[in-house]
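Engineer: Requesting a structural model of the entry that follows:
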Amino acid sequence: MTYLWSVFTKPWAGLPGNELGRLIAGLGFAGAEIPVRDTAYVTTATAEAELPTFTKQLRAEGIEPISVASDLTEPVFAACAAAGVRMIRIMAPLGDDGYAASVRRNREQLEASAVLAERYGVQVGVQPHHGRFVSSTLGVMQLLDGLPEHFRLVWDAAHDALAGDDPAITIELGAARLGIVNLKNAEYRKNARSWRTHFGQADEGMSDWTAVHAALVRAEYSGPVCLTAQYSDLTVSVGERVRKDLQTAVTSWRRDPSRE
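Structural biologist: Next up, the predicted model:
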């Protein structure tokens with residue numbers, strides 16, 4: 001299968017497009033997810049003016065913008081359409097009013113954004129996330145059920161494992177809406193008071209990337225695979241870590257899992 005190997009550029013969120021493009025191309029990537037947030041180079045307030053130029057600079061360095069991590073406001077939709085960015089990635093937060101009420105609220109917000117998704121031709125990608133969010137792939141699929149095809153699943157290897165799920169099951173069930181595959185690894189580690197999540201390298205966690213690849217091959221997925229560059233131990237540079245993980249993934253995924 002052919003994948004667009006990409007990286008979430010949050011660790012370098014303050015860089016302009018030309019510097020960012022050179023940096024991540026040097027790490028071996030061909031695609032990027034861009035944070036469009038108040039803490040990033042491109043903010044929600046400046047997105048319409050700055051995102052087209054920013055993405056043009058990335059493309060000049062051989063980097064294709066696969067998505068933005070932002071919110072579902074009309075200026076962000078308009079900016080993505082003008083810049084040729086196909087997706088806005090979000091998560092589904094849970095409030096103090098409980099899971100069912102939170103899901104209803106998230107669903108209402110997604111339904112309200114359907115007009116913008118249609119108008120601007122920009123997809124909405126929803127990612128599961130452990131903690132105070134809809135945390136499982138199946139929960140996200142339920143949230144998206146019945147929505148137009150613009151609404152996609154951003155499947156995440158680490159959060160799928162943290163939820164105790166099996167990629168062979170969740171990728172198959174999510175295949176029809178699969179828009180981006182996030183690749184990272186994590187595990188639970190116990191400290192003096194509680195269990196905490198620890199994000200590590202490809203071989204430091206509960207997600208089996210070989211099993212992920214096998215499931216993607218069965219699903220005939222060919223699209224962006226985004227290494228999210230999230231690591232709990234920052235004593236080693238993020239760039240060095242994510243370069244190593246990319247090499248691990250590319251090398252191991254060249255093998256045909258059906259022959260193993």
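Engineer: you'd agree Leu138 is in a helix?
Structural biologist: Yes. The assignment for Leu138 is a helix, going by DSSP: H, G, I helix; E, B strand; the rest coil.
Engineer: wait, isn't it in contact with Ile171?
Structural biologist: No. Judged on Cβ atoms under 8 Å, Leu138 makes no contact with Ile171 at a distance of 11.5 Å. All C-beta atoms are positioned from the backbone trio N, CA, C, and that covers glycine.
Engineer: Phi and psi next, for Gly125.
Structural biologist: phi -110, psi 130 (degrees, to the nearest 10).
Engineer: Tell me the buried residues in the host helix or strand of Ile169?
Structural biologist: Ile169 is part of helix 167-174, with elements assigned from DSSP states H and E. Neighbour counts over helix 167-174 (16 or more other Cβ atoms under 10 Å) mark 167, 170-171, 174 as buried.
Engineer: Give the single residue among those positioned nearest to Arg218.
Structural biologist: Nearest to Arg218 out of the buried residues of helix 167-174 is Ile171 (Cβ to Cβ; 7.8 Å).
Engineer: so what pLDDT did the closest one get?
Structural biologist: Ile171 is assigned 98 on the pLDDT scale.
Engineer: ok, now which ones touch the nearest residue to Val85 once chain neighbours are set aside?
Structural biologist: Spatially, and ignoring its direct neighbours in sequence, Val85 is nearest to Pro65 (4.9 Å; Cβ to Cβ, 6 or more residues apart in numbering). Under the criterion of Cβ atoms under 8 Å, 6 or more residues apart in numbering, the contact list for Pro65 reads 31-34, 55, 58-59, 83-85.
Engineer: Among the residues you listed, which lie within helices?
Structural biologist: Within those, residues falling in helices by DSSP state H are 55, 58-59, 83.
Engineer: Looking at these, which is nearest His213?
Structural biologist: Out of the ones in helices among the contacts of Pro65, the member with the shortest distance to His213 (by Cβ to Cβ) is Leu58, at 26.6 Å.
Engineer: Check the buried residues of helix 167-174 against Arg107 and report the nearest one.
Structural biologist: Closest to Arg107 out of the buried residues of helix 167-174 is Gly174 (17.3 Å), distances taken as Cβ to Cβ.
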